[in-house]
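*Asks:* Below are the sequence and a predicted model for it; my questions follow.
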Amino acid sequence: MNKKIKKISCIILVLILLVGCQNKESLQDTAEAFVEIKEDSANVEAVSIEKDKIKIKYPKLIGFENEKIEAKWNKIIEERILKDLELLKETDVYNLDYEVATNTKEELSLKLVGSCYYDGAAQPYHFIYTYNISLETGESIRLSDQRDITKLAEMIYNKQGFQMESDIDVDEEFMKYIYSTFENEEFLAEMLINFDYDEETQQEYGYSFFEHNQLHLCIEVPHDLGDYVILALDEEEK
């Protein structure tokens, strides 16, 4: 019990100390919200923050043999949470949850899925972002580390090598979006090469994750298509 209290205190302290002056009051209110830490899957525990219209649950890495990797990625994940919190107003509705897509000795793949209804917006915005972590090196595993980007862009542009995971039938509209946004495969490849978290730029154009022995892509699209789509890629031919 004391251990949990210490963890909760640390999270609250971090939230308060890292807040900018402009948003200090609103984020302090969030820091004083109900915060819960509970064990999730192996080496991952859930941290929950609830305050008014804000409901957040994000992953915290625990019990890693390599403490440097654990500390590094907890900092990366928590800084993103804080950054998003700073943009919120009291009247905004914000929800965030996560899933462990892959958890092996070599790799940890995390999906963070959420929605935000900004005050005054016509409709809520749905989003997804991911972290793919090499537990051997501590580095981010990016799409370009796993696939030939030029070949992948060519396949997607020609509607080959993937299945779309969606609750609605948007296959045709998705391809129309691809053709209207990217003049050719080369332009699509420029987007794909910038997928996934990069420590230097921290400017991801999209995300990937590995789940059920299959690589998936998360591509942002217009709101009428769902804000983002997920493509399950076929196994790459050797």
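*Replies:* That came in fine, so what should we check first?
*Asks:* Check whether residue 101 really touches residue 214, as I assumed.
*Replies:* No. Between residue 101 and residue 214 there is no contact under Cβ atoms under 8 Å: 10.0 Å. Placement of C-beta: from N, CA and C, glycine included.
*Asks:* Looking at these two now, which is surrounded by more residues?
*Replies:* Under the neighbour definition other Cβ atoms under 10 Å, residue 101 and residue 214 were set side by side, and residue 101 has more, 18 against 12.
*Asks:* got a list of what that one touches?
*Replies:* 109-111, 130, 209-211 (Cβ atoms under 8 Å, 6 or more residues apart in numbering).
*Asks:* Can you point out the buried residues in the longest helix that the chain contains?
*Replies:* Across the chain, the longest stretch assigned as helix under DSSP state H is helix 67-86. For helix 67-86, the neighbour count (16 or more other Cβ atoms under 10 Å) marks 69-70, 72-74, 77-78, 80-81, 84-86 as buried.
*Asks:* Over to stretch 225-238?
*Replies:* 225-231, 233.
*Asks:* Take the residues you listed and write them to a markdown table, including distance to residue 153, pLDDT and secondary structure.
*Replies:* Shown next, in a markdown table, are those (distance: Cβ to Cβ, whole Å; pLDDT from 0 to 100; DSSP: H, G, I helix; E, B strand; the rest coil):
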| residue | distance to residue 153 | pLDDT | secondary structure |
| --- | --- | --- | --- |
| 225 | 19 | 92 | helix |
| 226 | 22 | 92 | coil |
| 227 | 22 | 95 | coil |
| 228 | 18 | 96 | strand |
| 229 | 16 | 96 | strand |
| 230 | 17 | 96 | strand |
| 231 | 12 | 96 | strand |
| 233 | 12 | 97 | strand |
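*Asks:* Could you list the domains of this protein?
*Replies:* Domains of the chain are assigned by automatic domain parsing as 2-134, 143-233.
*Asks:* Do me a favour and average the pLDDT over the helix or strand hosting residue 172.
*Replies:* Per DSSP states H and E, residue 172 falls inside helix 171-181. Across helix 171-181, pLDDT averages out at 94.
*Asks:* do the same with stretch 66-73
*Replies:* On average, stretch 66-73 scores 96.
*Asks:* So what does residue 65 have for phi and psi?
*Replies:* phi -60, psi -40 (degrees, to the nearest 10).
*Asks:* Tell me the pLDDT of residue 202.
*Replies:* pLDDT, read off for residue 202, is 75.
*Asks:* Closest one to residue 198 out of the buried residues of helix 67-86, please.
*Replies:* residue 80 (13.2 Å; Cβ to Cβ).
*Asks:* ok, that closest one to residue 106 distance?
*Replies:* Separation of residue 80 from residue 106 (Cβ to Cβ, to the nearest Å): 23 Å.
*Asks:* Next: residue 84.
*Replies:* Distance from residue 84 to residue 106, by Cβ to Cβ: 29 Å.
*Asks:* And residue 156, how close does it get to residue 162?
*Replies:* Counting by Cβ to Cβ, the gap from residue 156 to residue 162 is 6 Å.
*Asks:* Have a look at the two and say which one is more surrounded.
*Replies:* Using other Cβ under 10 Å as the criterion, residue 156 and residue 162 rank with residue 156 on top: 23 against 17.
*Asks:* three-state assignment of the more buried one?
*Replies:* Here residue 156 is helix, with the state taken from DSSP: H, G, I helix; E, B strand; the rest coil.
*Asks:* The domains of the chain: lowest mean pLDDT?
*Replies:* Averaging pLDDT over each of these puts domain 2-134 lowest, since it has a mean of 78.
*Asks:* returning to what we had before: quick check: of the buried residues of helix 67-86, which lies closest to residue 115?
*Replies:* residue 84 (12.1 Å).
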